[in-house]
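Visitor: no sequence on this one, just coordinates:
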């Protein structure tokens, strides 16, 4: 006599198989249609089973990717969630994400990441909200979060995300930037590039190259880490008895030729430090289009050492972030936080590396 399978019996079988490692952590369950055929039930019945298992923290359903087991058979191994952008925002996060995933393979922790590779801040906002609730429902042990930037209400949004996680009792380690602007500091651990030092070193480099006037160029609503960079630039200029006022700080679209044209360039004495390489690359194109000669009239530099930086018309001087160290220190901070849930926030600023190329040398 054939067995008549019901929602409850299928649920019990699958849950038991997950607990007993028939389907181990990070493995995929069969598709709903395959399982529906196996048990001779409707696909909505299997969907209900999977939804229940997801609600209870055994699996996660990802559109287009299937249903993944997230149940930890070894309870002493923590499960961390990544709220990080992908390469769509910056290549540094491609390196950081890959390091997290590689480190998790050592068996000291497991991690979940939704692969939010979009460079669109509004789309990333929706993904962060969804992932946050998923991670809370899956009872993760900690969250690594790179706060959202490039939207007007970013600070409010980032505070809301951190409050949801805090209310759920989930420790947070912030990556790359805080949720508050300097000199304010949130109550969450933070690991990032020493942005003040990076700003100082880059300005010092251009001053030594002959620049007596330096602009700092950024896009609107950039991360607050960018502010620390221009504070560093300002300090270096003051230490060299050079003027650096609000007129030296430019915020706008590097494609805006009228804005770029308004910059007062003193040939062979002017440098422009951009908040990142993507801004610098576009600005260099605008400058070139206006007939201003890079390396003859003006020098340009950026941050992050994107892969294309060395292949632009004028190879771009950039500041490489210590992505591997950022990741490893963040993991150490999270384990420390799990052992000691003290409310006092830790801050670790790491040094990067200046890579001097043609764009910061007068010829």
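Guide: Right, received. Where do you want to start? Keep in mind that this is a model prediction, so the values were computed, not measured. Numbers count the residues shown, from 1 in each chain.
Visitor: in terms of residue numbering, what are the domains of this structure?
Guide: 7-69, 79-194+323-350, 195-321+353-360 (automatic domain parsing).
Visitor: want to throw those domains into a markdown table with mean pLDDT and mean neighbour count?
Guide: Where C-beta positions appear, they are placed from N, C-alpha and C, glycine not excepted. Converted to a markdown table, the domains of the chain look like this (pLDDT from 0 to 100; neighbours: other C-beta atoms under 10 Å):
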| stretch | mean pLDDT | mean neighbour count |
| --- | --- | --- |
| domain 7-69 | 90 | 16 |
| domain 79-194+323-350 | 89 | 18 |
| domain 195-321+353-360 | 96 | 19 |
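Visitor: from residue 102, how far out is the nearest residue to residue 225 once chain neighbours are set aside?
Guide: With C-beta to C-beta, 6 or more residues apart in numbering as the criterion, residue 225 has its nearest non-adjacent residue at 4.2 Å, and that residue is residue 177. Distance of residue 177 to residue 102, given as C-beta to C-beta, to the nearest Å: 23 Å.
Visitor: and the strands in this protein?
Guide: Using DSSP state E, the strands found in the chain span residues 59-62, 66-69, 79-83, 110-113, 142-145, 172-175, 189-193, 213-218, 249-251, 270-274, 298-301, 318-320, 347-350, 353-355.
Visitor: now these in TSV, with distance to residue 129?
Guide: Formatted as TSV, those follow (distance: least, C-beta to C-beta, whole Å):
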stretch	distance to residue 129
strand 59-62	16
strand 66-69	20
strand 79-83	10
strand 110-113	16
strand 142-145	12
strand 172-175	16
strand 189-193	22
strand 213-218	26
strand 249-251	27
strand 270-274	30
strand 298-301	36
strand 318-320	32
strand 347-350	27
strand 353-355	35
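Visitor: and residue 120, which of those strands is closest to it?
Guide: strand 79-83 (16.2 Å; C-beta to C-beta).
Visitor: helices or strands next to that closest one in the packing?
Guide: Identification of packing neighbours for strand 79-83 by 3 or more C-beta pairs under 8 Å, 6 or more residues apart in numbering; DSSP states H and E yields helix 91-104, strand 110-113, helix 121-137, strand 142-145.
Visitor: neighbouring strands - and their directions - for the last one?
Guide: What that stands for is strand 142-145. strand 79-83 (parallel), strand 172-175 (parallel) (DSSP bridges).
Visitor: residue 155 is in contact with residue 180, correct?
Guide: Yes - using C-beta atoms under 8 Å, residue 180 is in contact with residue 155, at 6.9 Å.
Visitor: quick revisit: which of the helices and strands packed on strand 79-83 sits closest to residue 202?
Guide: Nearest of the helices and strands packed on strand 79-83 (C-beta to C-beta): helix 91-104, 16.4 Å.
Visitor: just the angle between the closest one and strand 79-83, please?
Guide: 170 degrees (axes from the mean of the first three to the mean of the last three C-alpha atoms, to 10 degrees).
Visitor: for helix 91-104, name the packing helices and strands.
Guide: strand 79-83, strand 110-113, helix 323-339.
Visitor: adding distance to residue 303 as columns, could you present these in TSV?
Guide: Converted to TSV, these look like this (distance: least, C-beta to C-beta, whole Å):
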stretch	distance to residue 303
strand 79-83	22
strand 110-113	24
helix 323-339	12
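Visitor: out of those, which is closest to residue 37?
Guide: strand 110-113 (29.2 Å).
Visitor: for the closest one, which strands pair with it and how are they oriented?
Guide: strand 79-83 (parallel).
Visitor: who's in contact with the strand it pairs with?
Guide: Strand 79-83 has contacts (C-beta atoms under 8 Å, 6 or more residues apart in numbering) with 70, 72, 97, 100, 104, 109-114, 128, 131-132, 134-135, 138-146, 161, 334.
Visitor: one more: stretch 198-206?
Guide: 214, 216, 228-237, 240, 271, 273, 299, 301, 303, 317, 319, 352, 354, 356, 360.
Visitor: same question, stretch 231-242
Guide: Outside stretch 231-242, the residues touching it (C-beta under 8 Å, 6+ apart) are 182, 195-204, 207, 212-214, 216, 243-244, 248, 273.
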